[in-house]
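Colleague: here's a sequence, model it:
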Amino acid sequence: MYSLPPLPAAQPPAGQWAGSVCDKEEGVGMTILVFGETGQLARELAAHECVICLGRARADLSDPDACAEAIRQARPGAVINAAAYTGVDKAEEEEALATVVNGKAPGEMAQACKDLGVPFVTVSTDYVFDGSGTAPWQSGDATAPLNAYGRSKLAGEDAVRAVGGAYAILRTSWVVSAYGNNFVKTMLRLGKERERLTIVADQIGAPTPARAIAAACIAMARQLAQDPGKSGIYHMAGAPQTSWAGFARAIFEQAGLACAVVDIPSSTYPTPAARPLNSRLSCTTLEDIFGISQPDWRAGLRDILKDLGELS
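Modeller: You can find the predicted model right below:
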C-alpha cells in the first residue's frame, strides 16, 4: 500500500473539477501529480514548481492498481502520465509487459482521476499509425500500429477513452531534450567520433522538444480543469517536417561538427520493430482548442545544445 505525504495545495472535493492549475505567471498554484521522474518529459515537467513527480520506486506502472491508489491518496489537482515503456525494439519480446505499463496503467490512472473529479493528461505516440501515405495524420484517423510498442500505446488510448472524465491524450513524435538517451545526444557522440554517418532518410516526421511537450501538458491540464468538454485526442509535433537524416544535419550544423550525413532507406537499416515511414502529425486541433502552437524544433534544438554546452 502506498503512503504518500500530503500534497501542499488544498484540493477540491471529490467529484468537482479543479480550478486553475499551475499558472505561475498569475501566482496561482495547484499541485499536479506526475508519473515519471527520470524520463525526458518528466525531467522537464519537474522544472515547474507546481509538480510532484513519482518515480518507479513509489509508482511502478507495472502495478496499475498501485498507481491508481497513489492518485487517490495524493488527491492532486491534476495528473500527468509522463512514464511509459519506451523500448520500441525490446517490446517485440515483452509485449505483455509493455501493454500493462502503456495500456492498463493509464486506464487505471484515468479511472482514479475521474473518481476524484480531476483532469488526466497522458502522452501517446505517432506509432499508433501505420505510416502509410504522405499526408499528416489527423487525430481521428484510423489507427493500425506496425509494432508491439505502438499496440501497447494504442491500448492505453483506448482504456483512457473508455473511462472518460476530463482527459487529454497527446500524441507526439521524436521526443528530444538534454536529458536521457535520445537522437540528439547519440548524434553528438557519433559526430565527434566519425567523419561520415549513414542515416535513414525515408522516415518523415518532426522532432518535438520535451520542454514544449511539458508546457503543453500543464496548459492542457489547466484548461481541462475549467472545461472538461475539451477532452479528447490531440497531436503535438515540432515544425517543420524533416527526416532523421535532415535532423542529423541540423544537429551537426548547430553544434559545429564536420560530420557528413549520407541518406539511406529504412531497408538498409533493419530493426526488430518496424518503424512508420510517415510520422507527420496534424497539430491544428491542438491550436484550435487549446491555443497551443507547434514548436519550432530548430529553436528547441538550439536550447538543448546550449543546455549541453554543445552549441557552436
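Colleague: next structured bit after the helix or strand hosting residue 213?
Modeller: If you go by DSSP states H and E, residue 213 is part of helix 210-226. Later in the chain than helix 210-226, the nearest helix or strand by DSSP H and E is strand 232-236.
Colleague: alpha carbons only: can I get that following strand in CSV?
Modeller: In CSV, the C-alpha atoms belonging to strand 232-236 read as follows (Å, rounded to 0.1, in the frame of the first residue of the first chain):
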residue,chain,number,x,y,z
GLY,A,232,-10.1,14.1,-26.5
ILE,A,233,-7.1,13.1,-28.6
TYR,A,234,-4.6,15.7,-29.8
HIS,A,235,-1.4,15.9,-31.7
MET,A,236,1.8,17.8,-31.0
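Colleague: how near is the nearest residue to residue 33 once chain neighbours are set aside to residue 303?
Modeller: Closest residue to residue 33 apart from its sequence neighbours, by CB to CB, 6 or more residues apart in numbering: residue 76 at 3.8 Å. Just so you know, the C-beta spots here come from the backbone N, C-alpha and C atoms, and that holds for glycine as well. Distance from residue 76 to residue 303, counting by CB to CB, to the nearest Å: 28 Å.
Colleague: between these two, which one's more packed in?
Modeller: Neighbours per residue (other CB atoms under 10 Å) separate residue 76 from residue 303, with residue 76 holding more: 28 against 15.
Colleague: and the host helix or strand of residue 121, what other elements does it pack with?
Modeller: If you go by DSSP H and E, residue 121 is part of strand 120-125. When contacts are defined as 3 or more CB pairs under 8 Å, 6 or more residues apart in numbering; DSSP states H and E, strand 120-125 packs onto strand 78-81, helix 105-116, helix 148-163, strand 167-172, helix 210-226.
Colleague: how about that strand: buried residues?
Modeller: Residues of strand 120-125 classed as buried by neighbour count (16 or more other CB atoms under 10 Å): 120, 121, 122, 123, 124, 125.
Colleague: off-centre distance for that strand?
Modeller: Centroid separation for strand 120-125 versus its chain: 6 Å, with CA atoms, centre = their mean, to the nearest Å.
Colleague: ok, now stretch 45-55?
Modeller: With CA atoms, centre = their mean as the basis, stretch 45-55 stands 15 Å off its chain's centre.
Colleague: check stretch 274-283 too.
Modeller: Here stretch 274-283 is found 15 Å from its chain centre; the criterion is CA atoms, centre = their mean.
Colleague: now do stretch 126-145
Modeller: With CA atoms, centre = their mean as the basis, stretch 126-145 stands 17 Å off its chain's centre.
Colleague: buried ones in that stretch?
Modeller: Of the residues in stretch 126-145, 126, 127, 128, 129, 130, 131, 136, 137, 139, 143, 145 count as buried by neighbour count, 16+ other CB under 10 Å.
Colleague: in PDB, list the C-alpha atoms belonging to that stretch.
Modeller: Only the C-alpha atoms of stretch 126-145 are listed here, as PDB (Å, rounded to 0.1, in the frame of the first residue of the first chain):
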ATOM      1  CA  ASP A 126       2.700   8.600 -33.800                       C
ATOM      2  CA  TYR A 127       3.400   4.900 -33.700                       C
ATOM      3  CA  VAL A 128      -0.300   4.100 -33.300                       C
ATOM      4  CA  PHE A 129      -0.500   4.800 -37.100                       C
ATOM      5  CA  ASP A 130       0.900   2.500 -39.900                       C
ATOM      6  CA  GLY A 131       2.900   5.200 -41.500                       C
ATOM      7  CA  SER A 132       1.300   5.000 -44.900                       C
ATOM      8  CA  GLY A 133       0.900   7.900 -47.300                       C
ATOM      9  CA  THR A 134       2.400  11.300 -47.100                       C
ATOM     10  CA  ALA A 135      -0.500  13.400 -45.500                       C
ATOM     11  CA  PRO A 136      -0.200  14.500 -41.900                       C
ATOM     12  CA  TRP A 137      -2.200  12.200 -39.600                       C
ATOM     13  CA  GLN A 138      -5.400  13.700 -38.100                       C
ATOM     14  CA  SER A 139      -6.400  12.800 -34.600                       C
ATOM     15  CA  GLY A 140      -9.400  11.000 -35.800                       C
ATOM     16  CA  ASP A 141      -7.700   8.900 -38.500                       C
ATOM     17  CA  ALA A 142      -7.800   5.100 -38.300                       C
ATOM     18  CA  THR A 143      -5.000   3.500 -36.200                       C
ATOM     19  CA  ALA A 144      -3.000   0.500 -37.300                       C
ATOM     20  CA  PRO A 145       0.200   0.100 -35.300                       C
END
